[in-house]
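>>> No letters, just coordinates:
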């Protein structure tokens, strides 16, 4: 199943953090402070479930807003099509191997704070889009080899050459397993 292409610069929040944000949003909707409750109601108006509703209508019947709506809102605010898409991506990236090797500094990689910008560079100039902490970089062929991966592996094509927001979860998992193997082999070789 293809994963969504995200438009925001931050990695997806964890599932636990997303649930916390959803609970806080519901608390805000039920707040005794009118301005806090109204701001929350305005946020809920963006959901398809409340299309055509005004903040006043939502505030008049706050019990209509359920936890599932709050989770959908958090997903939408992080540029996901649904809560399920956010959850799948967060779960997948939780198992991501580090895309770092000491000799990567020898390569000319293009660095970006936002995934959207990295994605545009990938589309324009090619390469392999990889995550690093809260940043992204588009690597050249030699960097992929340095990571112990085959730049001609068909799974790169399947994920859209984007390891941070893969188009194919199964292909991503195979590449991640190969990266973990390369890390283990590197550690074993260093231990000799």
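Looks like it arrived, so ask away. Just so you know, these numbers come straight off a predicted model, no measurement behind them.

>>> and stretch 97-115, how far apart are its ends?
End-to-end distance for stretch 97-115, by Cα to Cα, to the nearest Å: 18 Å.

>>> Now stretch 173-192: average pLDDT?
Mean pLDDT, computed over stretch 173-192, is 81.

>>> contacts for it?
92, 95-99, 101, 147-150, 153, 155-156, 159, 163 (Cβ atoms under 8 Å, 6 or more residues apart in numbering). For the C-beta atoms, the positions are set from N, CA and C on the backbone; glycine is no exception.

>>> Can you flag the buried ones in the residues you listed?
Buried members of the contacts of stretch 173-192, scored by 16 or more other Cβ atoms under 10 Å, are 92, 96-97, 99, 101, 147-149, 155-156, 159, 163.

>>> Helix, strand or coil: sort out the closest residue to residue 158 other than its chain neighbours for me.
Nearest-residue entry for residue 158: residue 171, 3.6 Å, with adjacent residues in sequence omitted and distances by Cβ to Cβ, 6 or more residues apart in numbering. Here residue 171 is helix, with the state taken from DSSP: H, G, I helix; E, B strand; the rest coil.

>>> Can you name the residues that contact residue 171?
155, 158-159.

>>> Neighbours of residue 109, how many?
18 (other Cβ atoms under 10 Å).

>>> Residue 42 now?
For residue 42, using other Cβ under 10 Å, the count is 13.

>>> so how far is residue 164 from it?
31 Å (Cβ to Cβ, to the nearest Å).

>>> try residue 177
17 Å.

>>> Neighbour count: the two, which is higher?
Each of residue 177 and residue 164 has its neighbours counted (other Cβ under 10 Å); residue 164 has more, 24 against 12.

>>> which SS class is that one?
Classified using three-state DSSP, residue 164 is coil.

>>> thought residue 119 was touching residue 129?
Yes: here residue 119 lies in contact with residue 129, judged by Cβ atoms under 8 Å, at a distance of 6.6 Å.

>>> Quick check: neighbours shared by these two?
162, 165.

>>> So these two - more neighbours on which side?
Using other Cβ under 10 Å as the criterion, residue 119 and residue 129 rank with residue 129 on top: 25 against 22.

>>> on contacts alone, who are the packing partners of the helix or strand of the chain with the lowest mean pLDDT?
Ranked by mean pLDDT, DSSP states H and E, the weakest helix or strand in the chain is helix 83-94, scoring a mean of 77. Applying 3 or more Cβ pairs under 8 Å, 6 or more residues apart in numbering; DSSP states H and E, we find helix 83-94 packed against helix 15-29, helix 67-77, helix 169-190.
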